[in-house]
Every structure is written in structure tokens, then in C-alpha cells.
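Asker: Dropping the sequence and predicted coords here.
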Number of protein chains: 2
Amino acid sequence: MPVRSAEPKAVPIAETFERVFGLLRRALPPDDLSLTAASTLHRLEQHGDRRLTELAGLEGVTQPAMTQLVSRLERSGLVVRRADPLDGRVVLVQITPDGLGVLRRRRAIRAARLTSLLAGLSEADRSAITAALPALDRLAGLAPPP
Amino acid sequence: MPVRSAEPKAVPIAETFERVFGLLRRALPPDDLSLTAASTLHRLEQHGDRRLTELAGLEGVTQPAMTQLVSRLERSGLVVRRADPLDGRVVLVQITPDGLGVLRRRRAIRAARLTSLLAGLSEADRSAITAALPALDRLAGLAPPP
DNA sequence: TATTGTTATACTCTATAACTATA
DNA sequence: TATAGTTATAGAGTATAACAATA
């Protein structure tokens, strides 16, 4: 009986990831940021101001979708649009102190919830998850097929 | 310098999960099912017909949201609504052969994409991810705070 | 009266197509 | 002409509140 190579493993991995997504979605505080909004803010925090088109590419959404997301974030005071002195067409997006505060609060809330969930696992399970984090980060960092 | 207990670990775990979510989202075929729709179909496939309210609870969405999701799925021919002969108020949701086919196709596409991504990792990373799957499944299966 | 589900309404998030402004 | 971004429009997906039907 042949043991096939990489393909069969992908199915259970994909299904587990979808279940983890369900966990993320259900653990989202009701009137919190969407996952895309949070990811965008996180990127602006980590890597500084970015052009709108660049953000759209990094987040894997269209330019109009990012225009609208940035507009919503700006309306909420979490980012501001700035002009690029070198190119009049460009919009630079910058996170505000309020935006940083929202990220900080959100992180604390999610960490607390996740901590209480992790408490329901065995120490071995927690270790297995911790051990996989670097690998998962590398997986998530691989350029997805555009 | 004190090493604090469980709380600090939750932050990197939550952030890695969000990055994996980004991967999932970007790898979604353009005109495919939403993650919630897919999860609902998957549940109907695995566990048989379910009542609408039960599905809403399992997926962590409201009853009206599930009414609408089921309506969209029914319009697309992926599920049907059936009456419960024992209770005239109840709607039983059943997956159709077309729904099963969509799940099968979708699984194959996602597995192929994930396989090509996994090929970009080291064998050690792939092993770490595989080793964490049961733990992640248990984590995702824990009842989230309602 | 309580439960099951739907309808009404509103907002976020996303897409494609058409447009404006700048280079 | 090409690039950066916005506006227009449409649809999925979600929520709360109000409603209808059945138990």
C-alpha cells in the first residue's frame, strides 16, 4: 500500500485551520475591529506609514476596498491620510495614538480570552501549539498565489 | 526579572493565528464560499440534517444571520429546507448532492494550494505543524465564551 | 407564554467598473 | 499614456428589533 507524499496531508491541515478560524471569529468582541482592519493597523504600527495601494497589496484586498477601509478607520480616528510631498497622487496612511491604543486594548482582551481557552488544554497540547508557532509564522509569511 | 505565567504566551499565539487567518483569506478562491458558509456545509455533511437555530448556535452567529445564510445556500442549490413532521415550527436544513460536490471541489483546490505553500517550508516546520494539529483541533473545539 | 423562524433595517466588507488627478 | 486613488454600485455577511406561526 503506497504512502502518498505531500498532498494528503494538506486536507487535515486546511480543515484544522478553518476550525481555528471559527474560534477566532467567535472570539471576536462584538463591536471590535474586523480582522482585516486589525491586520492593517498592526502593519502600520510595526512598519510605519504606508501608501494606500501598498496596503491593499499587502492585505490582499483591492484598492477600492482599502480606500474604504482607510476611510472607515479615519472616520473612527484610528488613522490619518497624509500627502506625499514627492508625488501628489500618493496617499500615505498613518496610525494615530488612538489607533495604537485600540490595538493595545484589543491585544489584551484577546490574550485574556485565549489564555482562558488554553487553560482548558493539557500541558502537552499547549507545548505542541507553542512549538508550531514559528513554523506557522513562516507559513503565513510565504507569498500567497496572487 | 520575573517570568510571568500563562498570560504573556497568549499574545504571540493570538498574533500568529491572525496571520494564519490572513493566509486563509488570501488563499480563498474569488467566487468561493465564505468561511462561515463552508463551515456550515461541512457540519451538515459530517453530522447530518440540523435545525436552523442549532446551526446558528454551532457557528456562533445569530438566528437571523443563519436564516439568511441558509437562504443564500438554498438559492444556490447547496442545501434545502425541510419541515419537521414532529414540530411545525422547526426548519431542518439538509445538504444537497450539489452541496457535497462543492465541498469536495473546494477541498481539493485548497489542499493543492496549501500543499504548494507547505513545499516552501522545511521538513522540520512541516512536522511541527502536523504535530500541533490535534492540539489545535482541541483548542478550536473548546466552547468559546458565549 | 415560550420557542422557532422570518422580515425589516442598517452597517461593514468586499468586488468590478467608471471616473479624476497627477506624473 | 500610465499610475494613484476615489466614487458608484452591487452583493455577502452580520447585527438588533419587531413580527408571525406553532407549541
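Answerer: Structure received.

Asker: can we go C-alpha only for contacts and neighbour counts from here?
Answerer: Fine.

Asker: Tell me where chain A has strands.
Answerer: A:50-51, A:79-83, A:91-95 (DSSP state E).

Asker: Quick check, pLDDT for A:Leu103.
Answerer: Here the pLDDT value assigned to A:Leu103 is 89.

Asker: what's the closest of the strands of chain A to B:Val11?
Answerer: strand A:91-95 (20.7 Å; Cα to Cα).

Asker: Show me which residues of chain A are close to DNA strand C?
Answerer: Proximity of chain A to DNA strand C, by Cα under 7 Å from any atom of the strand, involves residues A:33-37, A:60-66, A:68-69, A:72, A:86-89.

Asker: which of the strands of chain A sits most buried?
Answerer: Across the strands of chain A, the average number of neighbours (mean count of other Cα atoms under 10 Å in any protein chain shown) peaks for strand A:91-95, which reaches a mean of 21.

Asker: what ranges do the helices span in chain A?
Answerer: With helices called from DSSP state H, chain A shows them at A:7-27, A:35-47, A:52-59, A:63-75, A:97-118, A:123-141.

Asker: that older thread, please render the strands of chain A as a markdown table that adds distance to B:Ala135 to the earlier fields.
Answerer: Putting the strands of chain A into a markdown table (distance: least, Cα to Cα, whole Å) gives the following:
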| stretch | distance to B:Ala135 |
| --- | --- |
| strand A:50-51 | 37 |
| strand A:79-83 | 37 |
| strand A:91-95 | 36 |
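
Asker: Now tell me which helix or strand of chain A has the poorest mean pLDDT.
Answerer: Lowest by mean pLDDT, DSSP states H and E among the helices and strands of chain A is helix A:7-27, with a mean of 75.

Asker: Check what contacts that helix and list those residues.
Answerer: With contact meaning Cα atoms under 8 Å, 6 or more residues apart in numbering or on different chains, helix A:7-27 is reached by A:110, A:113, B:17-18, B:20-21, B:24, B:35-36, B:39, B:59-60, B:107-108, B:110-112, B:114-115, B:130, B:133, B:136-137, B:139-141, B:144-145.

Asker: Since that was my last question, I'll sign off now.
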